[in-house]
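Novice: let me see the structure of the following:
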Amino acid sequence: MAFGGAQASYINPVVPFTGMIQGGLQDGHKITVIGAVLPSGGNRFAVNFQTGYNDNDIAFHFNPRFEEGGYVVCNTKQRGSWGPEERKMQIPFQRGSSFELCFHVHSSEFKVTVNGNLFTQYAHRVPFHRVDTICITGIVKLSSISFQTQTVVHTIHSTPGQMFPNPVIPPVVYPNPVYQLPFFTSILGGLYPSKSILVSGAILPSAQRFYINLRSGSDIAFHLNPRFNENAVVRNTQINGSWGPEERSLPRGMPFFRGQSFSVWIMCESHCLKVAVDGQHLFEYHHRLKNLPAINNLEVGGDIQLTHVQT
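Specialist: Reported below is the predicted structural model:
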């Protein structure tokens, strides 16, 4: 069976939050939680993948704790009883800072990435397909919870000697809100360390290229330009109408695909921008325009449908 697309994201959900996972968890699912840790009000937050709206059966309990130097507890609860804790004695979150937390479901384990970096792996203790609910509690403010499925294609026999793949289901595109392209919006307060920007959408099947620009007046501080006709992701800066040297190198292959959904997450740090695609860190881009607060506009255009923007 082939599956693809995704259920609609939960946008700006109020914590504590409990929401349905349509169809339950499947191998290849990726759930991305974007938000920020509150600076005060407690010492913990938790993301629970559970069966139903009560918390008697939690397949995976992910519980960062800002105590004793900071650590993360992972566990499973069955019929109301907790199993043995797995503790990671480090914490990849900071109070008052935003984060992108991704849960990748594999046949044998959950893989957890934070801000594009692999943080931990948690072997399944109960069948993950029982999970149909996500619950988030504690000292976080949430921007979005989004769902993606890695397309899995099995072959079926038609006539002897012939095999045909099941059709790949295209990504689900949700029309509300509708973003007209090119899309412009302001970045309140401009860029600053820990500031993050999220752009999600679907790439048209016939796409040649699209772009995401972070602008400072008439200058383009950061130009992100995937080009399908060149199989490249071009980065550059334009100052006074003149482009600088292009950056094209990538640690792996082209992360964008025609006809597929995507999510680009841009995190500002003091010396560079960190860019992740679909929860995987892709590259860093060192600031060429140093006045970060003046970089206060976002522009998106090209051969895509835009489904979600967060600045």
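Novice: CA only for contacts and neighbour counts going forward, please
Specialist: Noted.
Novice: low-confidence regions, the stretch 201-311 of the chain specifically.
Specialist: Across the stretch 201-311 of the chain, nothing is flagged by pLDDT under 70.
Novice: which residues of the stretch 151-300 of the chain fall in strands?
Specialist: 155-157, 163-165, 183-186, 196-203, 210-216, 219-227, 232-239, 242-243, 261-268, 272-277, 280-286, 297-302 (DSSP state E, counting those that start in this stretch).
Novice: how many residues are close by E85?
Specialist: Counted with other CA atoms under 10 Å, residues neighbouring E85 total 12.
Novice: isn't it right next to N75, touching?
Specialist: Yes: using CA atoms under 8 Å, E85 is in contact with N75, at 5.1 Å.
Novice: residue contacts, S9?
Specialist: Applying CA atoms under 8 Å, 6 or more residues apart in numbering to S9 gives the contacts 144-147.
Novice: deepest in the core, which of the strands of the stretch 151-300 of the chain is it.
Specialist: strand 261-268 (a mean of 23; mean count of other CA atoms under 10 Å).
Novice: list the helices and strands that strand packs on?
Specialist: Identification of packing neighbours for strand 261-268 by 3 or more CA pairs under 8 Å, 6 or more residues apart in numbering; DSSP states H and E yields strand 196-203, strand 272-277.
Novice: contacting residues around that strand?
Specialist: Residues contacting strand 261-268 (CA under 8 Å, 6+ apart): 5, 171-172, 191-203, 256, 273-279.
Novice: stretch 222-236: end-to-end distance?
Specialist: 6 Å (CA to CA, to the nearest Å).
Novice: just give me how far that stretch sits from the chain centre.
Specialist: Its chain's average C-alpha position is 20 Å from that of stretch 222-236, according to CA atoms, centre = their mean, to the nearest Å.
Novice: contacts for it next, please.
Specialist: So stretch 222-236 is in contact with 207-215, 221, 237-238, 243-250, 254, 256, 258, 285, going by CA under 8 Å, 6+ apart.
Novice: now F128: phi and psi?
Specialist: F128 adopts backbone torsions of phi -70, psi -20, taken as degrees, to the nearest 10.
Novice: so it touches A59, yeah?
Specialist: Yes: in terms of CA under 8 Å, F128 counts as a neighbour of A59; the distance is 6.7 Å.
Novice: separation between the closest residue in space to N43 that isn't next to it in sequence and N48?
Specialist: Closest residue to N43 apart from its sequence neighbours, by CA to CA, 6 or more residues apart in numbering: F66 at 5.0 Å. F66 sits 18 Å away from N48, going by CA to CA.
Novice: look at those two and report which has more neighbours.
Specialist: Neighbours per residue, other CA under 10 Å: of F66 and N48, the larger number sits with N48, 23 against 18.
Novice: wasn't that one part of a strand?
Specialist: Yes: counting by DSSP: H, G, I helix; E, B strand; the rest coil, N48 is located in a strand.
Novice: show me what contacts the closest residue to S81 other than its chain neighbours?
Specialist: Of all residues not flanking S81 in the chain, N56 sits nearest, at 7.6 Å (CA to CA, 6+ apart). Contacts for N56 were tallied using CA under 8 Å, 6+ apart; they are 77-81.
Novice: between those, which has the most around it?
Specialist: K77 (19 neighbours).
Novice: who is that residue paired with across the strands?
Specialist: I58, W82 (DSSP bridges).
Novice: my guess is it contacts T51. True?
Specialist: No: in this structure, K77 is not within contact of T51 by CA under 8 Å, at 10.4 Å.
Novice: okay, and the common contacts of the two?
Specialist: With CA under 8 Å, 6+ apart as the test, K77 and T51 both reach 57-59.
Novice: out of those, who has the most neighbours?
Specialist: Neighbour max across these (other CA under 10 Å) = I58, 28 neighbours.
Novice: alpha carbons only: can I get stretch 123-142 in CSV?
Specialist: Written as CSV, here are the backbone C-alpha positions of stretch 123-142 (Å, rounded to 0.1, in the frame of the first residue of the first chain):
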residue,chain,number,x,y,z
ALA,A,123,13.1,1.7,20.6
HIS,A,124,9.4,0.8,20.5
ARG,A,125,8.2,-1.0,23.6
VAL,A,126,4.6,-1.4,22.3
PRO,A,127,3.3,-1.5,18.7
PHE,A,128,3.4,2.1,17.4
HIS,A,129,0.3,1.6,15.2
ARG,A,130,-1.8,1.8,18.4
VAL,A,131,-0.9,5.5,18.7
ASP,A,132,-3.7,7.8,17.5
THR,A,133,-3.2,10.9,19.7
ILE,A,134,-0.5,13.4,20.5
CYS,A,135,-0.6,15.3,23.8
ILE,A,136,1.7,18.2,24.7
THR,A,137,1.9,19.7,28.2
GLY,A,138,4.2,22.0,30.2
ILE,A,139,6.2,25.2,29.7
VAL,A,140,6.0,25.6,26.0
LYS,A,141,4.2,27.9,23.5
LEU,A,142,3.4,26.1,20.3
